[in-house]
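Enquirer: Based on what follows, work out the 3D shape:
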Amino acid sequence: QVRLVESGGGLVQAGGSLRLSCEASGRTFEIYTLGWFRQAPGAGREFVAGSTWNGKTPDYADSVKGRFTISRDDAKNMMYLQMNNLKPEDAAVYYCAAAPIYETTRPDDYNYWGRGTQVTVSS
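Expert: Down below sits the predicted model:
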């Protein structure tokens, strides 16, 4: 089992920044890709960013490119999402997820999920 715990969500004004954190524990050797997803009310789960262990350049959704940055601290089993220039449409519950395969953006490929952290952006 892999356990994922997110933190760092909150309320921010449009144009502001937040940094989300995800701590992984347990059978972390099963993880090939760590990703961030988000889900707004009434919407499906959307891929935001992903990072793999094979050194490939991280993937980003087009809607967040240039504003969000994903990073990892492998020694601490931590992953981060730096979110800058936040927009009201970025408001959602953000989830950390782990996949046993490389370079996937499909939610169905991720078999471990955190409980999520709420991000609210006021206009």
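Enquirer: mind listing the strands for this protein?
Expert: 2-7, 10-13, 18-26, 33-39, 46-52, 59-60, 68-73, 78-83, 92-99, 112-113, 117-122 (DSSP state E).
Enquirer: any low-confidence regions in this structure?
Expert: Screening the chain residue by residue with the criterion pLDDT under 70, one finds the ranges 55.
Enquirer: Centroid-nearest residue for this structure?
Expert: Central residue check for the chain by CA atoms, centre = their mean: the C-alpha nearest the mean position is that of W36, 1.9 Å away.
Enquirer: Would you agree that one is in contact with T69?
Expert: No - checked against CB atoms under 8 Å, the pair W36 and T69 is beyond contact range at 10.8 Å. Every C-beta, even on glycine, is put in place using the N, C-alpha and C of the backbone.
Enquirer: which residues do these two both contact?
Expert: Common neighbours of W36 and T69, counting by CB atoms under 8 Å, 6 or more residues apart in numbering, are A49, L81.
Enquirer: looking at the strands of the chain, which is closest to T105?
Expert: Between T105 and those, the shortest gap by CB to CB is with strand 46-52, which sits at 4.2 Å.
Enquirer: Just list what the closest one packs against, helices and strands only.
Expert: With contacts defined as 3 or more CB pairs under 8 Å, 6 or more residues apart in numbering; DSSP states H and E, strand 46-52 has these neighbours: strand 33-39, strand 59-60, strand 68-73, strand 78-83.
Enquirer: just the ones you listed: most buried one?
Expert: When you average the neighbours per residue for each of the helices and strands packed on strand 46-52 (mean count of other CB atoms under 10 Å), strand 33-39 leads with a mean of 24.
Enquirer: ok, residues contacting that strand?
Expert: Counting contacts by CB under 8 Å, 6+ apart, the residues touching strand 33-39 from outside are 20, 22, 24, 45-53, 70, 72, 79, 81, 90, 92-99, 101-105, 107, 110, 116, 119.
Enquirer: For the closest residue to N77 other than its chain neighbours, which residues count as its bridge partners?
Expert: The shortest distance from N77 to any non-neighbouring residue, by CB to CB, 6 or more residues apart in numbering, is to A24 (4.4 Å). The residues listed as beta-bridge partners of A24 by DSSP bridges are L4.
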